[in-house]
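Peer 1: build me a model:
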Amino acid sequence: MLGLAIVLFTLPAFAGSSGFWYQGIFTKKVPTVEKRFGKRIRDSFRWMEDRRDPAVDAWVAQQKELTAQTLSKPVADFTQSIPAAKARRKIQVLGSASVTPPPPAGPSPLDHPEYEIQYQDVPEVGTGYGALSRILIQDLKTKAVKDILTGFEMIPIRWLSKDVLALVDYEDARTGGSSGRMRIKAHTLGSNPADDRILYNPPTGTWTEVFSWNGKDYVFDMNLTDARPSYGLKTFQIDLQTGTISNPQDLGWSRTPLGYYEGSGNDAYAYFVNFQGHNYGSIEELNLVTQKRVTLFSPTPVGPQEFGMNFLDIRRLGGGRYLVAGQEDTVGFLAVLENGKLQRIPGIAPGTIRILDVSPTEATFLVHSNSGVVEKIFVDLNQKTVRVFERSEPAVKFVTRKIHYQSSLGRPAAIWITHREDVTLSAKTPMIFYGYGAFSGTLLPAADMKNNSAWLEKGGAFAAVTVPGDYTYGIRWKTDARVAGRVHSFDSLALAVKEVIRLGYTSSAKVGLLGASAGGLLVAGAMQRHPELFRAVVSMAGALDMLNCTEPSTGWELGSPCEKSDFRGLYKIAPYHQMKKGNYPAFMAVLGDSDGVVRPFVSYKFVARLQSLQQDASRPVLLHVKKYGGHSDTSGSPQEVLKYMATVYGFFAKELGL
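Peer 2: This next block holds a predicted model:
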């Protein structure tokens, strides 16, 4: 931590100095002051960072009980209606389609003459991101279990010998208080996993993938915690017998991974989007064998460091042709890329596109439309014709409209509003606004976003808002919203809400905000700066403590509070520290108790502080904790996931009057 001087001093603890105003629950304060870069950071709830303190568990138990009592009726309602809405979906099979991909180069590295590998999920046990994985190695003939391996994101790579398996596994963040790492190791069947031989141990916060092709293994490393302005990317070849690394390529901080590794003959390829230099926004192909890198496509800029499209997936067709999926102003497209030009496939409804299977002349893909319809489509890549062969749609028809608002950065940005067809939007319409605005993602409105079909069926509306901080409109759209510039994300969300209100589609008394992870920070920041504009706010696993040096969610992307250059900007805008006594919207933090990406105490502290500052006794501040849940809202057992989402929508239903 360069140039960092921290002085901590703690005053004697005392309880109930500022009472939790709701139903007599009090949260103790332990006034603590940290001196950093000449500033005093006051935090009376830092004691909650000690997960071993039984007082934290007691406080969480009280909060969970309070939430359960407050929301019992609406949660019970959505516990029934969320699965019912999914069960009522209509599925039509309109034909058949099959695509034969090119044959693999040789046998699978996981083929074994005596053993087979089976994969299972154990959702009742949580890890940093989600459910625990279980791998069973069985005898092919007798089905006798030879070994059982458990871990998160545990991916077998190849057999190194008869009884030695090379695999990637995730070092759970809870073991080291970091955001974890993906390691490569060799495991001997029947041995203690603690004795596994580590073949590659990357830095903390690194996501590792291994691509095997033609008897060789290629490693792709992505640094997730210090993305400046994209991910730190490295590739190299590895000998899994010895752990020897060769042909390393450091792609730096200016590229984002695109699609998958591809193999063709003796060669293997990786694909990236470049966010630097004269080829800004271009698609690049790297030959992992020859190390040759070429630019496949360069979009036409629409402004300084701006472009009109963003790429999400690419597949190699052969003969210098590629299939590309992307989005332009949040509308998905599919195109054939050849000789540096995109030839778009016509006849595709607006939505998010995911490529399924590909051959040189044919492909299948999914389209998740913004109105809840999901279609599987076959495309003839020579004729550029499409045919829907399977369609799934809600039992109730939804409609969607796209509008634009003027962001705080001065450029128009998209809002997608979805509602039931027979609902006329008005000032009385309960509407949830969802946003993210961070990392390499772009907002892709899709079917049943965050399980919202039940909400829409009941007459509510859902607005997906594009805010600064991601790559939707280019690198400036991202970097101008970094550190102190994060206020552009906060303020743009508020401007989007104001525009929808101006159009008469809702009103402040009917507005809810929903954000997850970095989106949780987004909605908290918007609430802190514009509390009068919203009625209810939910942060899902929100990165809410921007000044905490030990929190894995901080870093270049959201700002580095331990670096002097970032600290002063973060200090001015951090919602947790900038909140003062006043009238705030109703607020609820929801999270998983095993989250290792944004640790649970971040939400605990935010709830405790906001409870001590909230002056409007009609607007509660609540907490819901998912048992064995990780960072993802889909992690955990099916029962806990359902309860989690039912609590979110039950809260909005109660506060917005659905």
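
Peer 1: mind checking the SS state of the residue lying closest to Asn223 once chain neighbours are set aside?
Peer 2: In space, and not counting its chain neighbours, Asn223 is closest to Gly232: 3.5 Å by CB to CB, 6 or more residues apart in numbering. From N, CA and C alone the C-beta is placed, and that goes for glycine too. Of the three states, Gly232 takes strand under DSSP: H, G, I helix; E, B strand; the rest coil.

Peer 1: ok, Gly232 to Ser246 distance?
Peer 2: As for Gly232, its distance to Ser246 is 20 Å (criterion: CB to CB, to the nearest Å).

Peer 1: between those two, who's got more neighbours?
Peer 2: Counted by other CB atoms under 10 Å, Gly232 and Ser246 do not tie: Gly232 has more neighbours, with 22 against 9.

Peer 1: the more buried one is in contact with Met222, isn't it?
Peer 2: Yes - in terms of CB atoms under 8 Å, Gly232 counts as a neighbour of Met222; the distance is 7.2 Å.

Peer 1: got the buried residues for the longest strand seen in the chain?
Peer 2: In the chain, assigned by DSSP state E, the strand with the most residues is strand 145-161. The neighbour-count check on strand 145-161 (16 or more other CB atoms under 10 Å) flags 147, 149, 151-160 as buried.

Peer 1: centre of the chain to it, how far?
Peer 2: 26 Å (CA atoms, centre = their mean, to the nearest Å).

Peer 1: parallel or antiparallel, which strands does it pair with?
Peer 2: strand 131-139 (antiparallel), strand 164-171 (antiparallel) (DSSP bridges).

Peer 1: mean pLDDT lowest for which of those strands?
Peer 2: Set side by side, the strands paired with strand 145-161 give their lowest mean pLDDT on strand 131-139, at a mean of 81.

Peer 1: on that earlier part again, out of the buried residues of strand 145-161, flag the one nearest to Gly332.
Peer 2: Glu153 (27.3 Å; CB to CB).

Peer 1: packing partners for the longest helix along the chain?
Peer 2: Using DSSP state H, we find that the single longest helix of the chain is helix 638-656. Using 3 or more CB pairs under 8 Å, 6 or more residues apart in numbering; DSSP states H and E, the elements in contact with helix 638-656 are helix 72-87, strand 431-434, helix 453-457, strand 511-516, strand 536-540, strand 586-592, strand 621-626.

Peer 1: buried residues in it?
Peer 2: In helix 638-656, counting by 16+ other CB under 10 Å, buried: 640-656.

Peer 1: ok now stretch 476-489, how far from the chain's centre?
Peer 2: For stretch 476-489 - counting by CA atoms, centre = their mean - the centre lies 18 Å from the chain centre.

Peer 1: compute the first-to-last residue distance for it.
Peer 2: With CA to CA, to the nearest Å as the measure, the ends of stretch 476-489 fall 13 Å from one another.

Peer 1: can you list the residues that contact it?
Peer 2: For stretch 476-489, contacts defined as CB atoms under 8 Å, 6 or more residues apart in numbering pick out 229, 304-306, 407-409, 411, 435, 437-438, 467-471, 521-522, 525, 529, 556-559, 566, 568-570, 572-573.

Peer 1: and the closest residue to Asn339 other than its chain neighbours, how far from Glu285?
Peer 2: In this structure, Asn339 finds its nearest non-sequential neighbour in Gly320, 7.0 Å apart by CB to CB, 6+ apart. Distance, Gly320 to Glu285, using CB to CB: 11 Å.

Peer 1: for these two, indicate the residue with more neighbours.
Peer 2: With neighbours defined as other CB under 10 Å, Gly320 and Glu285 compare such that Glu285 has more, 19 against 11.

Peer 1: alpha carbons of the helix or strand containing Leu337, as CSV, please.
Peer 2: If you go by DSSP states H and E, Leu337 is part of strand 331-338. Extracted C-alpha coordinates of strand 331-338, given in CSV (Å, rounded to 0.1, in the frame of the first residue of the first chain):
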residue,chain,number,x,y,z
VAL,A,331,-30.1,-4.0,-29.1
GLY,A,332,-28.6,-7.4,-29.9
PHE,A,333,-27.4,-8.4,-33.4
LEU,A,334,-25.9,-11.4,-35.1
ALA,A,335,-23.5,-11.1,-38.1
VAL,A,336,-21.0,-12.9,-40.3
LEU,A,337,-17.6,-11.2,-40.2
GLU,A,338,-15.5,-11.6,-43.4
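
Peer 1: list the buried residues for that strand?
Peer 2: Per 16+ other CB under 10 Å, strand 331-338 contains these buried residues: 331-337.

Peer 1: got the residues you listed as a markdown table, with distance to Val373 and pLDDT columns?
Peer 2: Rendered in a markdown table, the data for the buried residues of strand 331-338 read as follows (distance: CB to CB, whole Å; pLDDT from 0 to 100):
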| residue | distance to Val373 | pLDDT |
| --- | --- | --- |
| Val331 | 15 | 86 |
| Gly332 | 13 | 88 |
| Phe333 | 17 | 92 |
| Leu334 | 16 | 94 |
| Ala335 | 22 | 94 |
| Val336 | 24 | 95 |
| Leu337 | 27 | 95 |
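
Peer 1: going by distance to Glu362, which of those wins?
Peer 2: So of these, ranked by how close each gets to Glu362 (CB to CB), first place is Val336, at 11.8 Å.

Peer 1: follow-up on the earlier one: partners of the strand holding Leu337, with directions?
Peer 2: When DSSP bridges is applied, strand 331-338 pairs with strand 321-328 (antiparallel), strand 341-344 (antiparallel).

Peer 1: nearest to Asp50, of the ones you listed?
Peer 2: strand 321-328 (43.7 Å).
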